[in-house]
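Visitor: Dropping a prediction and its sequence here:
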Amino acid sequence: MITDNTPALISYVDSEQRYRYANATYREWFGRAPEECADAPCARSWETTYASREPHIREALAGKEARFDLPVPFGGGERHTHTRYVPMCAATAA
């Protein structure tokens with residue numbers, strides 16, 4: 001509920017670059033229904049910007065945080081976004 005009411009784009013993408021979650025703001029920006037985000041490949045969802053995102057996705061999948069600015073198509077124009085990919089790393093036992 002909290003992320004769906006946050007005015008930021010929030011999603012979770014797994015190691016196979018498939019969506020596992022996208023909040024309401026994210027779905028609204030990209031015109032996607034909740035069921036369209038479940039298990040959808042990133043390449044299909046970001047058809048026009050995937051090539052510019054892909055190096056950053058690989059960086060996050062390698063365990064490094066990625067931050068970048070990128071224009072995103074929106075409503076016949078575009079919006080400039082600051083994007084942050086944060087890797088989900090499993091905790092190790094000490």
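Guide: Everything's here; your move. Source: prediction; values computed, not measured.

Visitor: What is the longest helix of this structure by residue count?
Guide: When the chain is scanned for its longest helix (criterion: DSSP state H), the result is helix 50-61.

Visitor: Which of the residues in that helix are classified as buried?
Guide: Burial within helix 50-61, assessed by neighbour count using 16 or more other Cβ atoms under 10 Å, is assigned to 53, 56-57, 59-61. Where C-beta positions appear, they are placed from N, C-alpha and C, glycine not excepted.

Visitor: Likewise for stretch 36-43?
Guide: By neighbour count with 16+ other Cβ under 10 Å, stretch 36-43 contains the buried residues 37, 40, 42.

Visitor: Could you report the separation of the spatially most central residue of the chain from Arg58?
Guide: Relative to the mean C-alpha position of the chain, the nearest C-alpha, by Cα atoms, centre = their mean, is the one of Ser11, at 5.0 Å. When distances are taken as Cβ to Cβ, to the nearest Å, Ser11 and Arg58 turn out to be 17 Å apart.

Visitor: Likewise for Arg44?
Guide: Arg44 sits 18 Å away from Arg58, going by Cβ to Cβ.
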